[in-house]
Structures are given as C-alpha cells and as structure tokens.
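K.L.:
What follows is a predicted structure for the sequence shown.
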Protein chains: 2
Amino acid sequence: MKEIFNPKSIAVIGASRYKGKVGHDVFKNLLKSKKKVFPVNPNANKILGKKAYASVLDIKEKIDLAVIAVPADIVPNVVKECGEKGVKAVIIISSGFSEIGNKDLENKVIVIAKAHNMKVLGPNCLGVINPYQKLNASFFNKMPLKGDIAFISQSGALGVAVLDWAIQNKVGFSSFVSVGNCADIKIPDLVEYFGEDKKTKAICIYLESLKNGKRFMEIAKKIKKPIIVLKGGLTEKGQKAATTHTAALASSAEIYKGAFKQSGVLQVDNLHQLFEVARHYACCKIPTNKRGLIITNAGGVGVLASDAFEKNGLEIVELPEKIIKNLNKVLPKHWSHSNPIDIIGDATPKRYKDVLKIIEKERFYDFVFIALTPQTMTNPEEVARIVVRFNKKTKIPCFTCFMGGDAVRKAKKILKENKILNFKEPGYGAEVIAKMII
Amino acid sequence: MKEIFNPKSIAVIGASRYKGKVGHDVFKNLLKSKKKVFPVNPNANKILGKKAYASVLDIKEKIDLAVIAVPADIVPNVVKECGEKGVKAVIIISSGFSEIGNKDLENKVIVIAKAHNMKVLGPNCLGVINPYQKLNASFFNKMPLKGDIAFISQSGALGVAVLDWAIQNKVGFSSFVSVGNCADIKIPDLVEYFGEDKKTKAICIYLESLKNGKRFMEIAKKIKKPIIVLKGGLTEKGQKAATTHTAALASSAEIYKGAFKQSGVLQVDNLHQLFEVARHYACCKIPTNKRGLIITNAGGVGVLASDAFEKNGLEIVELPEKIIKNLNKVLPKHWSHSNPIDIIGDATPKRYKDVLKIIEKERFYDFVFIALTPQTMTNPEEVARIVVRFNKKTKIPCFTCFMGGDAVRKAKKILKENKILNFKEPGYGAEVIAKMII
C-alpha cells in the first residue's frame, strides 16, 4: 500500500497535452509533487515540458506507481506492460468496467495485475491524494489541507465536492482515496492501512456497498481509531440509485446498522455529521457516556438544547442537591435551579467561571455543553478562555454552542485553536454528540 | 400596533449615561433612527447630548411609544405616567415579573396600561427592531438587514444570537419582536399584524408556549402568508427547561403538532430549518406536492438524495417511458435510466440543459432537485445560468444542491440573485423541502 500513498516514482499512462483531459490534469497535479513523474503517451514528444514515453517499458528508471487514464479497452495491455516493467501498484482512473456491466474486462485486468504481483486501486476512480507528501495522484485540481482525517469515498464525484468544501472550511486530511469499483484494493484494506498510518486520527468513509462485510468488521474491530461511515443506499430508493451507480447491490439498512454497531463503527446520517464527528475525534476529548450538563446564558437555548438532547438519546443529568446549594451561592436568585443551568441573560464571564469551578471536581456528568448568546454583559472571548482553561485543567469533554455571527467569531477561533469545536446551534450539536457516544 | 413598529416620537424611560446599561444601549440605538427620541432619567441633565427629562410628563411633545428600562418595582408608576401623558404603547424591557413569579406586579402594570388604553409589549423582553424604519427599540446593538421575514421570538437571548447570525449570513428581516412575557400583546396579535404588513412575506416564530392557542389557530388559518414555527419544549426535559425559563407551562408536543397542522402552520425541528424554510417562502416558488425529480452529475449525491428524500417522505417519481426514450437521445449510454437522473461525472452544462429541455413541458413531477459536484467538464456557473433560465421560463420550483467550496461559490451567487436557494448537502436539503410541503 506504501506505493500508492508514498511512491518515489510515478508514471502517468495516458498523460495528455490537452487541458480538460483527465490524463492532463492528473499529470499536472503530480508535477507539483517532489516525486519523479514520467508521462507516457505514444503520440506526444513532450507534455508540460517533460519528455514523453511511448510505453512505460521505455522508461529507464524504476517505477513504483502507475496512474492509468487510457480508454478501458487498452487498460489490460497497459497493465501488462506495467507488470513487465516491475511497477508495484497501479491506480486505474479509466471507467468502462464493472460499473457499466463490463465485469469480464475488469476481471481480465485484475488477473494480469495479480500475475505480476501488482496492487490495483480502481478502476473507475478519482485517484489518491496525500497532502503530507504533496502527492495528488487524482484529477481533482487543488491540494487539500494537511490534517488528521483519512477520507475514503466510494463516489469520486462526491469526493471532489467534499474536498473542495473542506478547503474552504479548513478541514484537513491525512489522505483521500477514491476507491472506484474496488476490483482489487478494497475498503477494509484501506481501513487497515489507515489504522497504522501515523498521520491519521480518524477514518471517514462514504460507503455504498461492501464486497466483504465480514472482513470489514474484523478489521474495524481491530483498529483502535474511530471509523465513521456515511452509508449511502439505506432506503429502498437510495439502494436503487446505488445499484445504477456502482452496479453493486446495496444490502439492507438493518444488516449494515447491526454490523457497524457490533464492530464499533460510528454510522452517521449525512455529510455534515460525517465530518463533524471526525473532526471531534481527531481533535477533542470524546465523552465515554451520555450524561450531559448544559450551561447557558439564554433560557431559549437551554430549552432547544434540552429538546435536542432528549430527542437524540442524550441524558440531561439531574443536579445533585449539593451542587444546587453551591450554585445558589454564586448565581442570581432566579437561576434555573436545574439542568440546563440557566445563568440568566445578564451573565458575566465570571458567572460561567464560578459554575465551572463548582463542577470541576464532580463526576456526576460525562460532558459539559456550554451555550452562549452574545449579550451585553457576556464577553464571548473571555468566556471562551474560561472554557479553554477548564478543559485543559480538568480534561472533562467540553462542547460549546456559541451562537451568533460576528459577535462570537473571535471566541470561536479561541475555542478552535484550543481543540474545542463549536456547534452553530443546539439541534445539530446534540445530533453530532449522540453519534459519537450512543 | 403601528405605534410599536412605526412610532413618530419615542421616550426612553430609564435612559442611562453609562455604557453597558440596557437603558443606555436602547437610547443609543434609537438615536440612530430618524424619530424624535427623548431620554427620561431624573438623575441626569443630558444623555448622549440630548436633554434628559425627569419624567415623561415633562416632555412637551406628543409621545407615541415609551420604552421602559427601569427596575421592576418602579414600572407601575412609570406606566401610569405614560398613561397620563397620552403615550399610545409601551415596550417594557425590565425583567422581574411573572417570569420569576411576580405575577401580581405584572397584572398591576397591565391594569394601569389598559385603564389608559395603552398597548404593552413585554415585560421581560429585548424590544423591537424595524429595519425599514431604521428603528431599533431594543438593546441589540446592530441593525439587521432589510428583508422579507418577520421574526417573533419568545426568547430574547436567542433572538440576539439569531440576529447576529443573520447579519453575517445576509438574512434580512421586515421586523424583529422579542415578546417577553406576553402580558398584553400576544403572539397571535403579532401574527395578525404581520399578516397585513406589506414588507413581510414569511413569519418565523420561536415559540415556547401560547396563552391562547385557539386564537393563534384562528389567526393562522386566516393569514395568507407562511407561518413557520420552531416550538421549544417539545420533550419532557425541554418542557421542564421552558417552565423554568418563561414560567409558562409548555403543553404537550402532540397537541401543538396537531394544532399547527390544522391551521396550516409549518413546524420545523431546529433553527437552521426555521430560516431555511422562511427564506424559501420569502424568495422562491414552493412546490405544491411532493413528487421530486433529481438530476445529478454525481452518482453518490443521487444516492444520498434518494435516501434523504425517502426518509423525509418526499417522492422520487418514476420516469415515464417517453421521458426515458427522450433522455436516451441526449445522454450517454450509461446514464441511470431512472430517477435520480445521473447524467454522469463528465456531464457538460449542455447535458443539464438537454435534460431540462426534455422535462420542461412535463408535469409528472412537482419540483426539480438539481445537484452538481464541481467536475472538470461541468462548469458550475454555466449550469447555474441554465437552471435560472429554466426556472424563469417554466415557473417550475427548482432546488439546487451545488456542492463544494470555492468551485461553486460564483454559481451559488448566480442562483441566489435569481431567487434559487442552494442546499449545502442533499440530507439537510430534503429535510427543508419536506418541511415546506408535507
């Protein structure tokens, strides 16, 4: 697998002089890496200033990885030449295989590759990106940010959209892999690889179907890192769409759900949750149980948070008598006297601090959910720093829900720099927390 | 009600020289309006350069509206003076009334106000903002953008957070009202008022409890504009939090749900949906039924959209034979041959155009959901313009889901300028569409 994510030398077979061609884009992206990159194209002398080769066999240097972007019917011969050359792994970007019913052609390619002991990613995939290696062996034309999340996508196009979104939203990746038809390298192989990969703290998968569910479960159980899956094709109509898409039968929702649960895989409901859960795992301390303590300076936010907690199966823990008594000493008379701890709209940062001080040595709760709306007396940045200190000192998992726009922008930055991620609103926040715990 | 949202002259009773005091902030905000504004404070000669009056009775000019921000126990006397002065309406920002059990004090104030034929908003509220009048009779320190949405909030602090968020996200309002304890002016009164208000196209409400549900239902049925409600306190824990918050008993979720449905009120699940639904109603054509047609250049997005449609009760309509035949003529051989219409990752803008051309005169569907991921061949701006033309020509409701970051930024702008709102991802998109139709 090393040759896929960290090759020393790469041939691009089907490299093209013409902008907009996949073979052009892949080659151009690879030129930005510090690898040795060789264009293969029998009809060109030079591509983007580099000498072009008629065949991979004409290249004198050793080749670790070949990226193939030629018409499907030529692929078997190209793969054969790669084998003869001693290439260790190939990424087949070309489409026109099992996804449109050409199962035989796909099998033929795999048989050739196996005979030469080559690993194959794809066919019908977008390729691979490793930001730490500045390696972009795909036709996505930007370099994602470095980060802790490995993202495996069974849809190339969806992958492109996510990568583009992630750049704008400053979400970084350890690697991105578009798996295509999974003819050889399958999702469990990649999960196993990222389980060992030092840069990866969380593994995100957009999954439509598994070819070997049992193996996936075995590996998922073994891996110590969080695996977060968005399963497409859970409903009847979604399954139908998945069948026309990857020509693989998406099995029943319940079977997947059970299997994920058994093997400790976190299943999420949408793309937002996929990356929110992954970012939390990659960055923050995750609660081990569901007893939540809510602190808010806005009654309405406390109400919405309570609804959302209950709806998502999180527990709004009862306040012990002792805690209520201690809170009475520091809070105004009309505080809520229960969880959510409503410290009232005129709360100063000190009021947040006093409450956190009282609960910092207690263990009647598993995590704290700190909501703030930008009121005159409530300096958001100061509250952010108080939350950061509490989180550092106690190691108690903290989630925040600082609501608003410009008024909480700086505070959210302080939180993020200190590994506390903020939820825009309590509703989606509770959904994400529940996905991580329950 | 006119005196609340469009007064000619305003007295701020409890206006203060000291920054951070509510009476200071309200007065400062009001000075920015083009109204006559008079500070009332017996301990000051001048406030922010304006002559201060010891009592509202000392002001010579007529006063339409008084905004009251004095301690609760002084409020009855202040309201009495307002009555004697002939003030038409008062906004009582002061807290310390029924929300903390002081029901008698609240009743006393209302009896005095009624005796003088004055309307009362509050007590315990944030105030009122009317961007079209540049009127900010609240202690929120920014002016929201002008827009089509009237926002009624039963939580002042939540209101602040939403207003601040809305400025950043360019969501505009016709008016904002924080209702506080609803001692006199109640939510149905406001709904009735906004039903007639020319600037208002949609009415958003954050609601914890209704004092007169029957009246709300009657008015909601009568109003021709969409009323969208986020009901806080739907769960047992949420109800409990709402009780400590507004001291009003939040009734059972099912009763509210039934009442909303009967009276044509759209109930949403979270703040995101509240404003997404409102923005769509204020801006776009809303489908009258649930038969959706999905067009996508990404199989994975089609799968996720199908799952989300089915989960949310939207129908993924079957393609008539005739349509399939016509699509066969313009699409590559391996298109999905069913709904979602997957026009494949190498789709050009022309392919979107061809598909839309084929369906433009058909009525087997109620709305179209057009997804796009930023692929090399798919120019997002061009597709956006094609969608805009289709929408203008046919009046068929269009939703888009152009996914990604910078690559789709301009396209999303084109869509928005032409009254087509984009969803970030199919999951939340389907939720919002379902809330509008079902």
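P.N.:
Cool, the structure landed.
K.L.:
care to break chain A down by domain?
P.N.:
Per automatic domain parsing, the structural domains of chain A span A:1-126, A:144-283, A:285-437.
K.L.:
among those, which gets the worst mean confidence?
P.N.:
Ranked by mean pLDDT, the domains of chain A end with domain A:144-283 at the bottom, a mean of 91.
K.L.:
How far does that domain sit from its chain's centre?
P.N.:
8 Å (CA atoms, centre = their mean, to the nearest Å).
K.L.:
Likewise for stretch A:64-75?
P.N.:
28 Å.
K.L.:
sorry, back to before: out of the domains of chain A, flag the one nearest residue B:71.
P.N.:
Nearest to residue B:71, of all the domains of chain A, is domain A:285-437, at 13.1 Å by CB to CB. (Glycine included, C-beta is placed from N, CA and C.)
K.L.:
how far does stretch A:223-241 stretch from start to finish?
P.N.:
31 Å (CA to CA, to the nearest Å).
K.L.:
Now that stretch: buried residues?
P.N.:
Residues of stretch A:223-241 classed as buried by neighbour count (16 or more other CB atoms under 10 Å in any protein chain shown): A:223, A:225-235, A:237-241.
K.L.:
Narrow the residues you listed to those in strands?
P.N.:
The members of those that map onto strands under DSSP state E are A:227, A:228, A:229, A:230, A:231.
K.L.:
Which members of those residues additionally contact chain B?
P.N.:
Among these, proximity to chain B is found for residue A:230 (CB under 8 Å from any CB of the partner chain).
K.L.:
with the ones in strands among the buried residues of stretch A:223-241 in mind, which one is nearest to chain B?
P.N.:
Checking those against chain B by CB to the nearest CB gives residue A:230 as the nearest, at 7.7 Å.
K.L.:
when you scan stretch A:95-114, is anything in it near chain B?
P.N.:
Yes - among the residues of stretch A:95-114, A:99, A:100 lie within reach of chain B under CB under 8 Å from any CB.
K.L.:
what does that stretch rub up against?
P.N.:
A:71-73, A:75-76, A:79-80, A:82-83, A:90, A:92, A:119-120, A:123-124, A:180-181, A:183-184, A:245-247, B:333-334 (CB atoms under 8 Å, 6 or more residues apart in numbering or on different chains).
K.L.:
can you tell me which of those are in strands?
P.N.:
A:90, A:92, A:119, A:120.
K.L.:
what bridges to the last one?
P.N.:
Applying DSSP bridges to residue A:120 gives these bridge partners: residue A:90.
K.L.:
Please tell me how far it sits from residue A:133.
P.N.:
From residue A:120 across to residue A:133, the span is 20 Å (CB to CB, to the nearest Å).
K.L.:
Comparing these two, which residue is more hemmed in?
P.N.:
A side-by-side neighbour count of residue A:120 and residue A:133, using other CB atoms under 10 Å in any protein chain shown, places residue A:120 first with 25 against 16.
K.L.:
Please enumerate the helices of the stretch 151-300 of chain A.
P.N.:
Under the criterion DSSP state H, counting those that start in this stretch, the stretch 151-300 of chain A carries helices at the ranges A:156-168, A:187-196, A:213-222, A:236-246, A:253-262, A:271-283, A:299-311.
K.L.:
could you dump these to TSV with distance to chain B?
P.N.:
Formatted as TSV, the helices of the stretch 151-300 of chain A follow (distance: least, CB to the nearest CB, whole Å):
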stretch	distance to chain B
helix A:156-168	3
helix A:187-196	14
helix A:213-222	18
helix A:236-246	3
helix A:253-262	9
helix A:271-283	5
helix A:299-311	2
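K.L.:
okay, those helices, which one's buried deepest?
P.N.:
A comparison of these by mean neighbour count, using mean count of other CB atoms under 10 Å in any protein chain shown, puts helix A:299-311 on top with a mean of 29.
K.L.:
Alpha carbons of that helix, in PDB - could you do that?
P.N.:
Written as PDB, here are the backbone C-alpha positions of helix A:299-311 (Å, rounded to 0.1, in the frame of the first residue of the first chain):
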ATOM      1  CA  GLY A 299     -33.200  30.300  28.500                       C
ATOM      2  CA  GLY A 300     -34.400  29.600  25.000                       C
ATOM      3  CA  VAL A 301     -31.200  27.900  24.000                       C
ATOM      4  CA  GLY A 302     -31.500  25.800  27.200                       C
ATOM      5  CA  VAL A 303     -34.900  24.700  26.000                       C
ATOM      6  CA  LEU A 304     -33.800  23.900  22.500                       C
ATOM      7  CA  ALA A 305     -30.700  22.000  23.800                       C
ATOM      8  CA  SER A 306     -33.000  20.000  26.200                       C
ATOM      9  CA  ASP A 307     -35.300  19.100  23.400                       C
ATOM     10  CA  ALA A 308     -32.400  18.100  21.200                       C
ATOM     11  CA  PHE A 309     -30.600  16.100  23.900                       C
ATOM     12  CA  GLU A 310     -33.800  14.100  24.700                       C
ATOM     13  CA  LYS A 311     -34.600  13.600  21.100                       C
END
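K.L.:
I'd like to check the angle between it and helix B:156-168, please.
P.N.:
Helix A:299-311 runs at 90 degrees relative to helix B:156-168, counting by axes from the mean of the first three to the mean of the last three CA atoms, to 10 degrees.
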